[in-house]
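>>> Make a model of this:
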Amino acid sequence: MAKSNDLATKFDKGFSELGAERVRALEDRDAFAYYTVCNALGIEGIEDPELYEVGALEARGRRVMAVAEAAMVDEMVAQEDKREDFRAKPTKFDYMAFGEEASRGDYCPGDVFARTADKRKLLERYGVHKIRVSGGEIIPLDRASPEKVGRVFQDRWEGYQRRR
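Numbers count the residues shown, from 1 in each chain. As a prediction, the model looks like this:
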């Protein structure tokens with residue numbers, strides 16, 4: 001029974017402290033604090049409904065701002081991840097080995113639409129797994145259009161030709 005009385009005493013003390021905070025917020029005309037304490041007490045600002053409403057609006061505004069800030073942080077993290085993905089090149093592209101292997105097969109480097117699947121496999125074998133598309137977005141090579149795959153292949157082929 002003693003534990004039950006201790007708990008009731010603590011509850012009463014906490015409840016009375018919240019009541020004092022409510023009175024302070026009301027006297028200070030602190031709308032947000034008044035709204036917050038009234039909600040904690042389970043009452044709806046009976047002394048000053050207008051102050052309570054202003055506090056409710058401020059609380060909603062703070063929640064909206066918190067959500068907006070979280071979304072901005074998420075977007076900033078996503079943008080940084082994209083930059084990191086683009087910067088993270090496992091090795092320098094080996095144009096000579098790529099070109100020699102490409103010249104042994106019939107990859108049709110001049111035709112960006114020909115043999116897309118074979119071009120994609122060869123590019124991936126040489127470490128090209130992601131590419132930048134218009135708008136700066138970085139996408140996996142397997143999601144790139146046949147034309148984009150062909151253009152990346154053609155670009156690597158031309159790099160090989162310049163280095164021979």
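
>>> Please make it C-alpha for all contacts and neighbour counts, starting now.
OK.

>>> Where does the prediction get shaky in the chain?
Low-confidence segments of the chain, defined by pLDDT under 70: 1-15, 45, 84-91.

>>> Would you agree I139 falls within a strand?
Yes: membership of I139 in a strand is supported by DSSP: H, G, I helix; E, B strand; the rest coil.

>>> tally of neighbours for it?
Look at I139: counted by other Cα atoms under 10 Å, it has 16 neighbours.

>>> got it, and G135?
Burial measure for G135: 6 neighbouring residues, criterion other Cα under 10 Å.

>>> so how far is D142 from it?
Using Cα to Cα, to the nearest Å, one obtains 18 Å as the distance from G135 to D142.

>>> in the chain, which spans are helices?
Listed in chain order, the helices of the chain (DSSP state H) span residues 2-28, 31-41, 49-87, 95-104, 116-125, 146-163.

>>> Distance to I131 and mean neighbour count for the ones you listed - can I get that in CSV?
Below are these laid out as CSV (distance: least, Cα to Cα, whole Å; neighbours: other Cα atoms under 10 Å):
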stretch, distance to I131, mean neighbour count
helix 2-28, 57, 13
helix 31-41, 50, 20
helix 49-87, 8, 14
helix 95-104, 17, 15
helix 116-125, 11, 17
helix 146-163, 8, 18
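
>>> These: which one's closest to G110?
Closest to G110 of these is helix 146-163 (Cα to Cα; 6.7 Å).

>>> and the closest one, what does it pack onto?
Helix 146-163 makes packing contacts with helix 95-104, helix 116-125 when contacts are defined by 3 or more Cα pairs under 8 Å, 6 or more residues apart in numbering; DSSP states H and E.
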